[in-house]
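Student: Sequence first, predicted model second:
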Amino acid sequence: MTQVEPFRMANAIRGLAMDAVEKAKSGHPGLPMGAADIATVLFSQFLKFDASQPAWPDRDRFVLSAGHGSMLLYSLLYLTANPDMTLDQLQHFRQLGSLTPGHPENFHTKGVETTTGPLGQGISTAVGMALAEKMLAAEFGKKIVDHRTYVLASDGDLMEGVSQEAIALAGHWKLNKLIVLYDDNGISIDGPTSLSDSVDQVKRFKSAGWAAELIDGQDQKAIAAAIERAQKANKPSLIACRTTIGYGAPTKAGTAKVHGEALGADELKAAKEKLGISLEPFSVPEDVLKAWRDIGSRGAAARAEWEARFAELGSRKRAEFERRLRHERPASLAKALKEHKKQLLETPLNVATRKSSEAAIEAIAAAMPMEFVGGSADLTGSNNNKPKSAVAFSAKTPKGRFIHYGIREHGMAACMNGIFLHGGFAPNGATFLVFTDYARPAMRIAALMGAGVVYVMTHDSIGLGEDGPTHQPVEHLAALRAMPNMRVFRPCDAVEVAECWELALNRTTGPTVLALTRQNVPQLRTSAPADNPCSHGGYELVPAQGEAKVSLFASGSEVQIAVDAQKQLAERGIPARVVSVPSLELLLAQPEEKKQAIIGNAPVKIAIEAAVRWGWDAVIGRDGEFVGMHSFGASAPAKDLFKHFGITAEAAVNAALKRL
């Protein structure tokens, strides 16, 4: 490999980052300038990767949790010859259509492991990646799965509450292949971090079961020695690297002025002169570039060795590994769910949808026992998402496929993102629907990235009863439906639950919420067509006797109310139809002709849902009738609450009569 002074290698990162931010007149130059030595040591001496094959399965993962410092990562991708990261892309930093957006986006730029920017998400997602590595290695062996997860984190990452949830889990699970390099520069946007923080991060991480130490983050030998120690540890490691933000900037280094804005022409020139970097924008000395390119190609040998070991596996095991990394479901899944639905039609289940979900999960787990990974935020007995055959994951039982996350909804959702992105597993996590508020930032990142995770969210309405308004979701369905690429299913019975689970597991381009009841509901479906009616978002469950004058739309437990209302209207000689709408946003996404056929043209349209009205006007019109919630709930038995809030068949009938 071409030998170049390490400081000049780091300066290549600094120069490109300064130039890109200056040209864009937008960005964060301080972190790349301060952390360049950390990145240089990691990539040149430790990180196992092949720049020509950024998705190689057994590569080490590098997560830039401090996503605002994205030019650090983009510079590294260019310097190591990532096929897509050209100099032109760096020159169009933060511009529309470039591969260098303001914060790293894994769905947009090859070589980016996860989308970061919202602080705390990267380090927490990385915990999921390290967890997945441990589980997959236990199954396929270390000859096939043996890599580390490295994180570059900032002060802000460690201030965010989700980081505590994640590091506690990582320490508890003894994820020794997780190494966090903390850019300890003591500066945030407002100024010194001492304005708002006095936490000793080394002690904090040690108390969570990590190895942790403080080093000089501008001393490349000290960085290398610390990483070597971390690689030998039997627990996850934090290396707090004391750095100077904006290293090399004559007047702005070590200040908030270099955190989130361009240096300015004069400071840029002075910084380059001080560091010995060419004043020519985006220039990298030929010998330095060659040295970086050598680093990028060095991993090709390790990849070739891995491919040879992989080829020695039996054909069945190879096919299984490859299928799972593609997030492709086994043929046995469709067969198992088909049989499950057949049994439901023969022996109906009149239970809460969380219980019929439990029955579906038993069928799913039997079909994909090693890749179906469940978990709960300390509500396993209420969420009903642990298969009877499942063993709990722990440091000593890495083949366990059920994860006890503790009361850490946000950390759970972020870990699930990491598990999915790593590959090999179909993760689901559970809590009460109201607590999506705690998980929402990671759920939004999942939707943005297109991560195919499943959220099993039970206790989905005032139907949960006595726990009262603190636990009763009212606005949550609307809020989740408003999120782009988030699929929300609220099935009405056991058959719909099975259909929604099938759709959720086969949706690998975005996350899915399953909103499930606490209270029992009757099984309304008497058939299970092969085309899966839930796949259209809505369908006519009960047709009108004659030309419909009323269309009753409902989801979840309120579908039974719609069915009862239809019967009462029929007794009055008023033909009405019932449309079950398990996924409002999926219905609205149907082709116009299909959507209108489902909605129908009955003159009176009524929606019934124990939640707020938002979103339903697209189906019933602004002049449509809505039977639902207009306030927070209350503490009482479920039956009393539905009557108290007027979510009844009688209310739906009266709404129809008022309009006819």
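Tutor: That came through fine.
Student: which residues of the stretch 51-200 of the chain score low on pLDDT?
Tutor: Regions of the stretch 51-200 of the chain meeting the criterion pLDDT under 70 are absent.
Student: residue ranges for the strands of it, please.
Tutor: Counting by DSSP state E, counting those that start in this stretch, one finds strands in the stretch 51-200 of the chain at the ranges 61-64, 149-153, 178-184, 187-188, 191-192.
Student: Of these, give the one that comes closest to residue 316.
Tutor: Minimum separation from residue 316 across the strands of the stretch 51-200 of the chain (C-beta to C-beta) falls at strand 61-64, 27.3 Å. (C-beta placed from N, C-alpha, C; glycine too.)
Student: Paired strands for the closest one, with orientation please.
Tutor: strand 149-153 (parallel) (DSSP bridges).
Student: Could you list the residues in contact with the strand it pairs with?
Tutor: With C-beta atoms under 8 Å, 6 or more residues apart in numbering as the test, strand 149-153 has contacts from 35, 38-39, 42, 46-47, 60-66, 69, 72, 122-123, 126, 129-130, 133, 163, 177-183.
Student: what secondary structure does residue 355 sit in?
Tutor: Secondary structure state of residue 355, per DSSP: H, G, I helix; E, B strand; the rest coil, is helix.
Student: Residue 173 versus the residue nearest to the spatial centre of the chain, what's the distance?
Tutor: Most central in the chain under C-alpha atoms, centre = their mean is residue 446, positioned 3.0 Å from the mean C-alpha point. Distance, residue 446 to residue 173, using C-beta to C-beta, to the nearest Å: 21 Å.
Student: Can you list the buried residues in stretch 107-116?
Tutor: Buried residues in stretch 107-116, counting neighbours by 16 or more other C-beta atoms under 10 Å, are found at 109, 111-116.
Student: Between the two ends of that stretch, how far is it?
Tutor: With C-alpha to C-alpha, to the nearest Å as the measure, the ends of stretch 107-116 fall 11 Å from one another.
Student: ok, now stretch 614-628?
Tutor: Criterion C-alpha to C-alpha; first-to-last residue distance in stretch 614-628 is 11 Å.
Student: Following element in sequence after the top helix by length along the chain, please.
Tutor: With secondary structure taken from DSSP state H, the chain has its longest helix at helix 286-311. Using DSSP states H and E, the helix or strand that directly follows helix 286-311 along the chain is helix 315-325.
Student: That next one - contacts with which helices or strands?
Tutor: helix 286-311 (3 or more C-beta pairs under 8 Å, 6 or more residues apart in numbering; DSSP states H and E).
Student: on that earlier part again, my read is that the residue nearest to the centre of the chain contacts residue 440, right?
Tutor: No - using C-beta atoms under 8 Å, residue 446 is not in contact with residue 440; the gap is 10.3 Å.
Student: which residues does the residue nearest to residue 310 when sequence neighbours are not counted contact?
Tutor: In space, and not counting its chain neighbours, residue 310 is closest to residue 144: 6.0 Å by C-beta to C-beta, 6 or more residues apart in numbering. Residues near residue 144 by C-beta under 8 Å, 6+ apart: 58, 137, 306, 309-310, 313, 321.
Student: ok, 7 Å please
Tutor: Under the criterion of C-beta atoms under 7 Å, 6 or more residues apart in numbering, the neighbours of residue 144 are 309-310, 313, 321.
Student: and if you look at residue 498?
Tutor: In this structure, residue 498 makes contact with 337, 340-341, 344, 360, judged by C-beta under 7 Å, 6+ apart.
Student: Go again with 10 Å.
Tutor: 336-338, 340-341, 343-344, 349, 356-357, 359-360, 363-364, 491, 525, 528, 532, 534 (C-beta atoms under 10 Å, 6 or more residues apart in numbering).
Student: is it fair to say it lies in a strand?
Tutor: No - when the secondary structure is assigned by three-state DSSP, residue 498 falls in helix instead of a strand.
Student: What is the neighbour count of residue 650?
Tutor: 14 (other C-beta atoms under 10 Å).
Student: what's the answer for residue 207, then?
Tutor: 13.
Student: wouldn't it be in contact with residue 168 here?
Tutor: Yes - with contact defined as C-beta atoms under 10 Å, residue 207 and residue 168 form a contacting pair (9.3 Å).
Student: what residues are up against the closest residue to residue 191 other than its chain neighbours?
Tutor: Closest residue in space to residue 191, ignoring its immediate chain neighbours: residue 256 at 4.9 Å, by C-beta to C-beta, 6+ apart. Shown in contact with residue 256 (C-beta under 10 Å, 6+ apart): 30, 187-192, 195, 245-246.
Student: Pick out the most distant pair among these.
Tutor: Farthest pair in the contacts of residue 256 (C-beta to C-beta) is 195 and 246. Separation: 18.1 Å.
Student: hang on, the earlier thing: in CSV: the strands of the stretch 51-200 of the chain, plus distance to residue 252 and mean neighbour count.
Tutor: CSV is the format used below for those (distance: least, C-beta to C-beta, whole Å; neighbours: other C-beta atoms under 10 Å):
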stretch, distance to residue 252, mean neighbour count
strand 61-64, 22, 27
strand 149-153, 21, 27
strand 178-184, 17, 28
strand 187-188, 11, 24
strand 191-192, 13, 14
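Student: Let's have these in JSON lines, adding distance to residue 553.
Tutor: Below are those laid out as JSON lines (distance: least, C-beta to C-beta, whole Å):
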{"stretch": "strand 61-64", "distance to residue 553": "43"}
{"stretch": "strand 149-153", "distance to residue 553": "46"}
{"stretch": "strand 178-184", "distance to residue 553": "48"}
{"stretch": "strand 187-188", "distance to residue 553": "49"}
{"stretch": "strand 191-192", "distance to residue 553": "54"}
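Student: Nearest to residue 326, out of these?
Tutor: Counting by C-beta to C-beta, residue 326 lies closest to strand 61-64 out of the strands of the stretch 51-200 of the chain; the figure is 18.1 Å.
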